[in-house]
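Trainee: Provided below are the primary sequence and the corresponding predicted coordinates.
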Amino acid sequence: MKVLIIEDNRQLAESIHGYLSRESYVCEHGFTFNEAMDKLAAFSYDSIILDIMLPDGDGIQLLKQIKEKKIQSTVLIISAKNALDDKINGLELGADDYLTKPFHLSELHARLKAIQRRKNFNNDQLVQFKEISLNTQTFEAKVNEMTLELTKKEFDLLLYFLTNKNRILSRQSIAEHLWGDYVDNLDNFDFVYQHVKNLRKKITQADGKDYIGTVYGVGYKFNTNL
Amino acid sequence: MKLVNRFTLWYLAITALILLAGSVIVFTSVQHENDDEEARRLQGLVQDEIAILQGKLQRTNKTSEVTVSELSMSQAERPFKILDTVGWHSEFQGTERQLIGSQSVKIDNKHFLINAYAFAPEPEETVAGTIRSLTVVFVLLLVVVGITSVVVSKRILSPFHASLDAIENFNLKQRENLALPDTRTEEFRLLNSFLSKMTSKALDDYRTLKEFSENASHELQTPLAIIRGKLELLLQSEINDDQAKLITSASEAVDKLARTNQALILLTKLDNQEYPSQAINLSEATAKAILLLQELIDMKSITLETSITAGVMVAIHPALADILLMNLLSNAIRHNFEKGSIKIHLTNRHLTIENTGEPVRIPTDQLFVRFKKNSQSSDSAGLGLSIVKRICEINGFTINYYSTHELHRLEVAFA
């Protein structure tokens, strides 16, 4: 999958690049408004990661141009602004999602995937890994063709693991993924532990392998090499 | 004391002094004029008598005011002079002040002494008259000045009072320039132009400060995102467990920093009044918030009791309503005991959230102050309640906290 990262901060762009290239994404950078416009004119991308605060132009303007030129890429806005109107503005202009800085790279990746699934409406609703399969449209989870009774949060959690396989997912990143903005109201990460524990139990009860390993004091990791 | 009264008092005091000095002048000049006039008349009488004695004039009528006596020829002629003495006044049966005009002439080897007598007003009488008339003048002044000072001062000072009112109602947060009335009075014009300059400067500074804190907060977001990203990449590299833990604690600190920063941005935005209110169904919003936090309530085995009136409409920005509810509810959960209880009560008038929990150790009026928290070790930034308070303020709600030992009650009263 080809991604254009439009972000004026090189360090941040490289971090995103570093994380995504491990997931076999092909990433290119546009550090400025004009550079991004040039790239968009010359190549086509599956996804665009767009910072709406650029030194030589407003990212919102760029978004308008993308939509005017009917460029088919999905757009994920990343912004330092948490302003609600910005969010609404960006989404109204046709952005597919909005992520506020600072974000977890695993979250960024999960969002990109989710957008991609939504776009490829017909064929790609199924996320499959060995005996586990998730239907992101019906929220149905199956292990060995046996339906799991998962809560919405457990489903989200499993999908998050499957999107970020073989990555250490910190408790905070899981908490933020499941709880969004409200995570700062939470004292500890006990509930993350609870959810992971329940999820593991449900998978193993359906004779699935226990792919989710604990990284002590850090978080969890979905190991594919069992 | 009012300015106009001070002016009036000073004016009257000075007037009284001048009137006092004036009365001395009036007295002496009246006395002097009187005596002069009397002296001239007496001199006239003496001259007439001399003329009669010299046979130049026919005596028309004899007056008792003039006496003629003879002196010895050896004495020298005395020129006319006035003597100020006291004489017996037969009509008044008492002594009165008397002026005597006296002159001696030698006519035909005879030496005559002519004395002319006249009673004159005593100084005390003049003084009394002077004081009486000046007192009347002073009382008249008092009344007129008193009345005019009240009436005129209202007119003259009206621009000043208008300026005072304008300053009183001036609020930096409203970001409006001071509206001052026009005036023709030089001092007030100066005052107003000074006030205008000062307030617009204050507004400018306030704006700059706000912009600065807003920009600073925003500028922090990108470096925070970089740190977070790099730490995450580091976590995915070949590291041992100890390194992973170090990275995790660093990354948790970054998270806390990011959240504090976001809370500060929110507070700035609240101050900037960037959230217009609209009528929203608070009953639904409350139910939604409870649903979102239900898991946490269950995890702590907290008993939840709700009584929510359906269809409570409140004017507030929907996002702020969510923040308000989430902050209040999560506070009630966080500061609760295991197996504690929470009561949520929503009516058309207020929202009350009551929860069990450790007694509050800081003074309750400091609960809403930024960065104040019950225990300094707690992970929260201590901004939750100040955000709640600010949201209440800009929407015209009042928030009150009551606590009895281990029971805490927060009550938001809608306007």
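Mentor: The structure has been received and is ready for your questions. Since the structure is predicted, the reported quantities are computational estimates derived from the model, not experimental observations.
Trainee: CA atoms for contacts and neighbours, from now on please.
Mentor: Will do.
Trainee: ok and the residue in chain A nearest chain B?
Mentor: A:Pro102 (3.8 Å; CA to the nearest CA).
Trainee: moving C-terminal from the helix or strand harbouring B:Ala13, which element do we reach first?
Mentor: Per DSSP states H and E, B:Ala13 falls inside helix B:3-53. Sequence-wise, the next helix or strand downstream of helix B:3-53 (DSSP H and E) is strand B:66-71.
Trainee: dump the C-alpha coordinates for that following strand into PDB.
Mentor: The C-alpha atoms that make up strand B:66-71 are tabulated as PDB, following Å, rounded to 0.1, in the frame of the first residue of the first chain:
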ATOM      1  CA  VAL B  66     -22.500 124.500  69.900                       C
ATOM      2  CA  THR B  67     -21.100 126.200  73.000                       C
ATOM      3  CA  VAL B  68     -18.900 129.300  73.100                       C
ATOM      4  CA  SER B  69     -16.600 130.100  76.000                       C
ATOM      5  CA  GLU B  70     -13.900 132.600  76.400                       C
ATOM      6  CA  LEU B  71     -10.200 131.900  76.900                       C
END
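Trainee: circling back: so which elements touch the helix holding B:Ala13?
Mentor: Here helix B:3-53 touches strand B:66-71, strand B:94-107, strand B:110-119, helix B:123-168, going by 3 or more CA pairs under 8 Å, 6 or more residues apart in numbering or on different chains; DSSP states H and E.
Trainee: 7 Å instead?
Mentor: strand B:94-107, strand B:110-119, helix B:123-168 (3 or more CA pairs under 7 Å, 6 or more residues apart in numbering or on different chains; DSSP states H and E).
Trainee: the inter-axis angle of that helix versus strand B:94-107?
Mentor: Counting by axes from the mean of the first three to the mean of the last three CA atoms, to 10 degrees, helix B:3-53 lies at 40 degrees to strand B:94-107.
Trainee: now helix B:3-53 against strand B:66-71, angle please.
Mentor: 50 degrees.
Trainee: report the distance from helix B:3-53 to the chain centre.
Mentor: Using CA atoms, centre = their mean, to the nearest Å, the distance from the centre of helix B:3-53 to the centre of the chain it belongs to is 48 Å.
Trainee: need the contact list for residue 119.
Mentor: Because you didn't say which chain, this covers chain A. Applying CA atoms under 7 Å, 6 or more residues apart in numbering or on different chains to A:Lys119 gives no contacts.
Trainee: can you look at chain B instead?
Mentor: B:96-99 are the contacts of B:Phe119 under CA under 7 Å, 6+ apart.
Trainee: got JSON lines for those residues, with neighbour count and pLDDT too?
Mentor: As requested, those are exported to JSON lines (neighbours: other CA atoms under 10 Å in any protein chain shown; pLDDT from 0 to 100):
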{"residue": "B:Glu96", "neighbour count": "17", "pLDDT": "81"}
{"residue": "B:Arg97", "neighbour count": "16", "pLDDT": "83"}
{"residue": "B:Gln98", "neighbour count": "19", "pLDDT": "85"}
{"residue": "B:Leu99", "neighbour count": "23", "pLDDT": "86"}
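Trainee: now render those residues as JSON lines, adding distance to chain A.
Mentor: Listed next are those as JSON lines, based on distance: CA to the nearest CA, whole Å:
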{"residue": "B:Glu96", "distance to chain A": "103"}
{"residue": "B:Arg97", "distance to chain A": "102"}
{"residue": "B:Gln98", "distance to chain A": "105"}
{"residue": "B:Leu99", "distance to chain A": "105"}
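Trainee: next SSE after the helix or strand of chain A with the lowest mean pLDDT?
Mentor: Ranking every helix and strand in chain A by mean pLDDT, DSSP states H and E puts helix A:84-92 at the bottom, with a mean of 67. Following helix A:84-92 in sequence order, the next helix or strand is strand A:97-100 (DSSP H and E).
Trainee: partners of the helix or strand containing B:Ser403 in the sheet?
Mentor: B:Ser403 belongs to strand B:398-404 when assigned by DSSP H and E. In the sheet, strand B:398-404 lines up against strand B:407-413 (antiparallel) (DSSP bridges).
Trainee: poorly predicted segments of the chain, please.
Mentor: Answering for chain A, as no chain was given. A:82-88, A:121-124, A:181-188 (pLDDT under 70).
Trainee: wait, I meant chain B there
Mentor: B:62-63, B:371-381.
Trainee: dump the residue contacts of the most centrally placed residue in it.
Mentor: Using CA atoms, centre = their mean, the residue of chain B that lies closest to the mean C-alpha position is B:Leu164, 7.9 Å off. If a contact means CA under 7 Å, 6+ apart, then B:Leu164 has no contacts.
Trainee: from B:Glu406, how far out is it?
Mentor: As judged by CA to CA, to the nearest Å, B:Leu164 and B:Glu406 stand 48 Å apart.
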